[in-house]
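1. I would like to see how this sequence folds:
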Amino acid sequence: MKKFFTALLAIAAAPVMLFAGEFPDISITELKKAIADKKAVVIDVNGSESFKSGHIPSALNFGDIQGDLASALPKDKDTLVVAYCGGPSCNAYTRAANAATKLGYTNVKHLSAGISGWLQAKEQVEK
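-> Sure, this is the predicted structure:
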């Protein structure tokens, strides 16, 4: 009986564990390098007002492109696509990350630090 409950618990927890690790994290340092090397497309999922007040340089506003994401992203499906939102406890980034994955992009990552971590690290923002 104990094995049954252990198996049941594992099955119940699997979707949560899969969701949490669905998109690998990228560090601020790694993202800065990818942006400088022009090897990443960055998508801000914080909403238009937040985007206007400051976003990661080169980031696209998901609110503006979500209806036609396919034309906003490069043709190369191996391109690094990085989605971010407010910070570590925010999961709004998954809307952009899932949309890119559905379009066939294979290198989709998450900046879990989000815009709050970017600002905390005293990184530059665009307005």
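
2. Going by C-alpha atoms from here, please, whenever you check contacts or count neighbours.
-> Noted.

3. low-scoring stretches of this protein, by residue?
-> Along the chain, segments meeting pLDDT under 70 span 1-21.

4. Show me the helices in the protein, by range?
-> 2-20, 28-36, 48-53, 62-65, 69-72, 93-102, 114-120 (DSSP state H).

5. CA-only coordinates of the second one in CSV, if you can.
-> What follows is helix 28-36 as a C-alpha-only set of coordinates in CSV (Å, rounded to 0.1, in the frame of the first residue of the first chain):
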residue,chain,number,x,y,z
ILE,A,28,21.8,38.1,-16.6
THR,A,29,25.5,37.8,-17.6
GLU,A,30,24.7,35.2,-20.3
LEU,A,31,21.8,37.3,-21.6
LYS,A,32,23.9,40.5,-21.8
LYS,A,33,26.5,38.6,-23.8
ALA,A,34,23.9,37.1,-26.2
ILE,A,35,22.4,40.6,-26.7
ALA,A,36,25.8,42.2,-27.3
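
6. Which parts of that helix count as buried, going by neighbours?
-> 28, 31, 34, 35 (16 or more other Cα atoms under 10 Å).

7. Leaving out chain neighbours, which residue sits closest to the residue positioned nearest the centre of the chain?
-> In the chain, the C-alpha nearest the mean C-alpha coordinate belongs to residue 83, at 2.4 Å (Cα atoms, centre = their mean). Residue nearest to residue 83 in three dimensions, not counting chain neighbours: residue 43, with 4.7 Å by Cα to Cα, 6 or more residues apart in numbering.

8. How about the contacts made by the one you found?
-> 59, 60, 61, 62, 81, 82, 83, 84, 96 (Cα atoms under 8 Å, 6 or more residues apart in numbering).
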